[in-house]
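Trainee: make a model of this:
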Amino acid sequence: MGEQAHHHPQELQLHIAGDQEAKEENSSPPISTITNNQATLAPKPMNFRRWIRVALYSLFVLSGQSVATLLGRLYYNKGGHSKWLATLVQLVGFPILLLLYFIPTPKQPSDPNNTHIQTDAQAPSQSQSPPLKSLALVYLSLGTIVALNCYLYSIGLLYLPVSTYSLICSSQLAFNALFSFFLNSQKFTRYITNSLFLLTISSALLVFQSNSDDPKGVSGGKYALGFVCTIGASAGYGLLLSLTQLCFRRVIRKETFRAVLDMIVYQSLVSSVIILVGLFVSGEWEHLGREMDGFELGKVTYVMNLVWTAIAWQVFMIGTVGLIFEVSSLFSNSISAVGLPIVPILAVAFFGERMEGVKVIAMILAVWGFISYVYQHYLEDAQPKAQRKIVGGDEVSVRSPLNAPIARVGG
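Mentor: Next up is the predicted model:
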């Protein structure tokens, strides 16, 4: 995956003399990589500007995800009925991301300890790039999964209270760990097992809550359908993350800023086309005019709701890509999961939903499971990211493989 990058590299020539050798071994210089009798000093810690960028991207992720989910619920509450249209607005705003292609990427990554993102100089040469057919198959397959997931999420949001919907979505972490066990050799440590158990119980508890907060006109059967679709979408999202990780490791074999952006943009393009076709084939497009006329908040609000929902999801995606590049895809996904408990609280404030005992317990278990999940990956990241081996008498650093999934917009 290329050589490790540094903020301010300084090379020191080591002149090893007989009586100086012991003194050098007993000294404790900064961590360095030694190759061909040269040492590179470890870079300085993350600077203040980068902390500002990370905080800004985190705000984009949390605000974009929360606002988009609440606007999606508002669309249904005030007279919107089209599941295909509600799905399309999650994806169709992706051209905004094309602007990111014009942002020059630094020759050195912001965080030299981030082994998941390479600079263009570190990436494999063009001759080592995967075949176009392989890339097309990856984008088509993953884009299809994204389209299906977003459609299932839209059904879940239609038939479930937004607070219940968001809490069920937290199970995506458990599904991610489960699929990573089979596809990416994820080890089931006690913290991962604890997270799986807590998130499963949290989702199961929501089956037994009262239906007092259910959307108007939603029967028990539709509530069950929404529950199953949301669980299915969360499972599909976990599968998507694991497959994305697998594709980066086996097919693309690099994780540069452009490669990550390509993956997100082409996935969104494929899924948008699929959902657009579904909108016309289903015949729902014929009723959109009447739906807009009957929207309780007026035609202008109807249009603005859809526009701002699309923009909010792309704000989420810009934050996602930024966090992937600045820190790691694991951190980006973790920040996205942090926002899941935020939505139920906002739903109480904006939609008057009640946080009953069962729902409160489910939220506590979901947060507990999330913390357990993140803590396990914190322990993994705390381990040395570079191992050493001897090659021809010289010590070289060996980069660890990609081990974090790419975060994705999940409606």
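Trainee: count of neighbours near Val138?
Mentor: Residues within reach of Val138, counting by other CB atoms under 10 Å, total 22. Where you see a C-beta, it was placed from the backbone N, CA and C, and this is true even at glycine.
Trainee: state the distance from it to Phe48.
Mentor: Look at Val138 and Phe48: by CB to CB, to the nearest Å, they are 38 Å apart.
Trainee: again with Leu100
Mentor: In this view, Leu100 and Phe48 are 23 Å apart by CB to CB.
Trainee: tell me which of these two has more neighbours.
Mentor: Leu100 (19 against 6).
Trainee: check contacts around the more buried one.
Mentor: Counting by CB atoms under 8 Å, 6 or more residues apart in numbering, Leu100 touches Leu261, Ile318, Val321.
Trainee: repeat that with 6 Å
Mentor: Leu100 makes contacts with Leu261, as judged by CB atoms under 6 Å, 6 or more residues apart in numbering.
Trainee: next, the nearest residue to Val348 once chain neighbours are set aside: secondary structure please.
Mentor: Using CB to CB, 6 or more residues apart in numbering and skipping residues adjacent in sequence, the residue nearest Val348 is Met355, 5.7 Å away. Using DSSP: H, G, I helix; E, B strand; the rest coil, the structure places Met355 in coil.
Trainee: residue boundaries of the strands in this protein?
Mentor: Assigned strands in the chain, in chain order: 11-13, 32-35, 38-41, 386-391, 394-399 (criterion: DSSP state E).
Trainee: can you get me a residue count around the residue nearest to Val348?
Mentor: Counted with other CB under 10 Å, the neighbours of Met355 add up to 15.
Trainee: for it, give me the pLDDT.
Mentor: As predicted, Met355 sits at a pLDDT of 73.
Trainee: swap in Ile31?
Mentor: For Ile31, the pLDDT comes out at 40.
Trainee: the one 5 residues further on too?
Mentor: The predicted local distance difference test score for Asn36 is 39.
Trainee: and Ile264, how many residues sit next to it?
Mentor: Neighbours of Ile264 under the rule other CB under 10 Å: 23.
Trainee: same check, this time on Pro341
Mentor: Neighbour count for Pro341, taken as other CB under 10 Å: 17.
Trainee: for it, phi and psi?
Mentor: Main-chain torsions, Pro341, degrees, to the nearest 10: phi -70, psi -20.
Trainee: what sits against it?
Mentor: With contact set as CB under 6 Å, 6+ apart, Pro341 has these partners: Met363, Val367.
Trainee: how does it look with 8 Å?
Mentor: Going by CB under 8 Å, 6+ apart, Pro341 touches Ser166, Leu167, Ser170, Met363, Ala366, Val367.
Trainee: burial measure for the closest residue to Thr69 other than its chain neighbours, as a count.
Mentor: Spatially, and ignoring its direct neighbours in sequence, Thr69 is nearest to Val343 (5.3 Å; CB to CB, 6+ apart). Residues contacting Val343 under the criterion other CB under 10 Å number 23.
Trainee: is it correct that Val343 is in contact with Ser163?
Mentor: Yes - Val343 is in contact with Ser163 according to CB atoms under 8 Å; the separation is 6.9 Å.
Trainee: enumerate every residue touching the nearest residue to Ala235 once chain neighbours are set aside.
Mentor: Of all residues not flanking Ala235 in the chain, Phe175 sits nearest, at 4.6 Å (CB to CB, 6+ apart). If a contact means CB under 8 Å, 6+ apart, then Phe175 has Ser234, Ala235, Tyr237, Gly238, Leu239 as its contacts.
Trainee: run through the residues that contact the first one.
Mentor: Looking back up the chat, that one is Ser234. Per CB under 8 Å, 6+ apart, neighbours of Ser234: Ile168, Cys169, Ser170, Ser171, Gln172, Phe175, Gly410.
Trainee: and the closest residue in space to Gly64 that isn't next to it in sequence, what pLDDT?
Mentor: Sequence neighbours aside, Phe316 is the residue nearest to Gly64 in space, at 3.1 Å (criterion: CB to CB, 6+ apart). Per-residue pLDDT puts Phe316 at 91.
Trainee: ok, Gln20 next?
Mentor: Gln20 is assigned 47 on the pLDDT scale.
Trainee: try Asn176
Mentor: Per-residue pLDDT puts Asn176 at 79.
Trainee: list the contacts for it?
Mentor: Tyr237, Gly238, Leu241, Ser242, Asn333, Pro405.
Trainee: so which of these sit within helices?
Mentor: Tyr237, Gly238, Leu241, Ser242, Asn333 (DSSP state H).
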